[in-house]
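Participant: just coords:
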């Protein structure tokens with residue numbers, strides 16, 4: 001639960017500027033669009049810094065790294081609240097993002113190492129529930145606080161809560177000494193892990209390509225009125241919770257196939273959204289399926305990477321996952337924007353469905369290849385590998 005609190009507060013720190021753009025802009029004298037680059041800078045910093053930081057700290061006790069990463073993110077968020085100018089805001093946000101990326105590179109690995117192997121997927125589901133809680137409850141509450149008391153108060157409080165959570169992790173977590181990493185030799189599980197991470201990133205591109213423009217997609221000619229978009233998004237969020245809760249059972253029953261199954265559900269849901277047209281019942285069913293798929297995806301994706309990576313490679317695999325997630329989000333939104341500008345929002349679900357189906361095909365092909373010769377880290381050691389660190 002303390003790890004879950006860490007994911008909750010780091011994601012709150014990441015997304016908080018979105019709700020307070022106007023206040024930050026008026027206080028620092030920059031346009032709201034320019035303030036929006038704070039979120040962009042955060043994503044780019046994570047994508048660039050997560051992997052080098054994970055490799056730099058791979059021989060350090062993971063408990064120490066997790067505590068330091070949360071303390072760093074929280075302290076930098078407090079500095080954001082104190083920054084007098086926009087350039088200093090960008091610097092503070094970049095420092096906070098570096099800690100965020102390092103924390104997320106290790107948090108799933110740490111959660112898996114705390115429980116028996118059969119409970120790994122459930123532990124991952126609990127930890128990644130933090131962002132869901134943040135989006136539904138904490139970020140709206142922090143935004144309301146910022147509107148009432150000023151954006152600096154909201155950022156300072158979120159930063160302090162992040163630091164406190166980091167300090168709590170120290171006595172709660174056991175020592176987690178990393179597995180020694182052989183020098184001068186590539187980890188045998190690296191290639192398979194990176195390939196699956198890349199294909200998982202393609203699934204995220206497919207999702208965010210459509211989800212970024214979900215309002216114009218749902219309100220196209222003959223489709224839903226704008227007044228119902230918020231209701232449909234609420235249904236989407238509820239379906240996501242169902243997917244999150246059900247994902248551990250799927251992983252337990254189909255450990256190798258859980259990710260392709262989830263990806264295929266995403267592809268079919270996006271295709272159904274595109275084909276639903278003016279049929280409200282069909283649109284609603286498609287959105288529910290979409291929400292279930294995207295709710296389950298973080299759990300099955302991250303659990304699959306843990307299972308593929310050798311114990312020594314798991315921290316690096318966590319960083320690769322963080323990079324894939326952030327690049328998937330950024331690339332999906334950017335590609336969706338280009339397509340929307342040229343052909344409108346209508347084709348986006350179809351293109352997303354095609355991308356998701358292609359990723360599933362790649363995952364199935366990789367799985368068959370691994371089954372033919374055995375998992376990569378088992379081939380190297382001759383011993384079965386655990387899914388935990």
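Facilitator: Sure, I can see it. Here the structure is a predicted model, which means the values were calculated and not measured.

Participant: Mind splitting the protein into its structural domains?
Facilitator: For the chain, the domain assignment from automatic domain parsing gives the residue ranges 2-172, 190-381.

Participant: Reformat those as JSON lines; add mean pLDDT and mean neighbour count.
Facilitator: All C-beta atoms are positioned from the backbone trio N, CA, C, and that covers glycine. Shown next, in JSON lines, are the domains of the chain (pLDDT from 0 to 100; neighbours: other CB atoms under 10 Å):
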{"stretch": "domain 2-172", "mean pLDDT": "86", "mean neighbour count": "20"}
{"stretch": "domain 190-381", "mean pLDDT": "83", "mean neighbour count": "20"}
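
Participant: is it true that residue 360 touches residue 265?
Facilitator: No - with contact defined as CB atoms under 8 Å, residue 360 does not reach residue 265; the gap is 9.6 Å.

Participant: where does residue 352 fall, helix, sheet strand or coil?
Facilitator: For residue 352, the secondary structure call by DSSP: H, G, I helix; E, B strand; the rest coil comes out as helix.

Participant: what's the spacing between it and residue 198?
Facilitator: In this structure, residue 352 and residue 198 are 17 Å apart, going by CB to CB, to the nearest Å.

Participant: For residue 175, give me phi and psi.
Facilitator: phi -60, psi 140 (degrees, to the nearest 10).

Participant: Can you give me the neighbour number for it?
Facilitator: A count of nearby residues for residue 175, using other CB atoms under 10 Å, gives 8.

Participant: so what's it up against?
Facilitator: When the contact criterion is CB atoms under 8 Å, 6 or more residues apart in numbering, the partners of residue 175 are 61, 63.

Participant: State the pLDDT value of it.
Facilitator: According to the model's per-residue confidence, residue 175 sits at a pLDDT of 83.

Participant: and if you look at residue 180?
Facilitator: Reading off the per-residue confidence, residue 180 sits at a pLDDT of 61.

Participant: and what of residue 384?
Facilitator: Looking at residue 384, its pLDDT stands at 39.

Participant: So the residue lying closest to residue 114 once chain neighbours are set aside, which state does it fall into?
Facilitator: Here the nearest residue to residue 114 in space, its sequence neighbours aside, is residue 123; by CB to CB, 6 or more residues apart in numbering that works out to 6.5 Å. Classification of residue 123 using three-state DSSP returns helix.

Participant: measure stretch 203-219 end to end?
Facilitator: As for stretch 203-219, its first-to-last residue distance stands at 24 Å under the measure CA to CA, to the nearest Å.

Participant: any idea how far it is from the chain center?
Facilitator: Averaging C-alpha positions (CA atoms, centre = their mean, to the nearest Å) puts stretch 203-219 16 Å from its chain's average.

Participant: what's the answer for stretch 251-262, then?
Facilitator: 19 Å.

Participant: What lies in contact with it?
Facilitator: With CB under 8 Å, 6+ apart as the test, stretch 251-262 has contacts from 118, 120-121, 196, 200, 203, 247, 250, 293, 296-297, 299-301, 303-304, 307, 360, 363-364, 367, 371, 387.

Participant: wait, residue 192 sits on residue 366?
Facilitator: Yes - judged on CB under 8 Å, residue 192 makes contact with residue 366 at a distance of 6.9 Å.

Participant: helix/strand/coil for the residue most central in space within the chain?
Facilitator: Most central residue of the chain, judged by C-alpha distance to the mean C-alpha position with CA atoms, centre = their mean, is residue 325 at 5.3 Å. When classified by three-state DSSP, residue 325 comes out as helix.

Participant: Just the helices from the stretch 201-350 of the chain, written as ranges.
Facilitator: 214-218, 229-253, 258-276, 280-308, 314-343, 348-373 (DSSP state H, counting those that start in this stretch).

Participant: among these, which is nearest residue 64?
Facilitator: Distances from residue 64 to each of the helices of the stretch 201-350 of the chain were compared using CB to CB; the minimum, 12.6 Å, belongs to helix 314-343.

Participant: what angle separates the closest one from helix 280-308?
Facilitator: 150 degrees (axes from the mean of the first three to the mean of the last three CA atoms, to 10 degrees).

Participant: other SSEs contacting helix 314-343?
Facilitator: helix 37-56, helix 86-113, helix 190-211, helix 280-308, helix 348-373 (3 or more CB pairs under 8 Å, 6 or more residues apart in numbering; DSSP states H and E).

Participant: Make CSV from the helices of the stretch 201-350 of the chain and add distance to residue 39 to it.
Facilitator: What follows is these, written out as CSV (distance: least, CB to CB, whole Å):
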stretch, distance to residue 39
helix 214-218, 18
helix 229-253, 19
helix 258-276, 24
helix 280-308, 19
helix 314-343, 10
helix 348-373, 21
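
Participant: Among these, which comes closest to residue 25?
Facilitator: If you check each of those against residue 25 by CB to CB, helix 314-343 wins as the nearest, at 21.1 Å.

Participant: chain center to the closest one, what's the gap?
Facilitator: Using CA atoms, centre = their mean, the distance between the centre of helix 314-343 and that of its chain works out at 10 Å.

Participant: what's the angle from it to helix 348-373?
Facilitator: Our comparison of helix 314-343 with helix 348-373, counting by the same axes, to 10 degrees, yields an angle of 150 degrees.

Participant: need the contact list for the residue lying closest to residue 164 once chain neighbours are set aside.
Facilitator: Closest residue in space to residue 164, ignoring its immediate chain neighbours: residue 74 at 7.7 Å, by CB to CB, 6+ apart. With CB under 8 Å, 6+ apart as the criterion, the residues that contact residue 74 are 9, 13, 99, 158, 159, 160, 161, 162, 163, 164, 165, 166.
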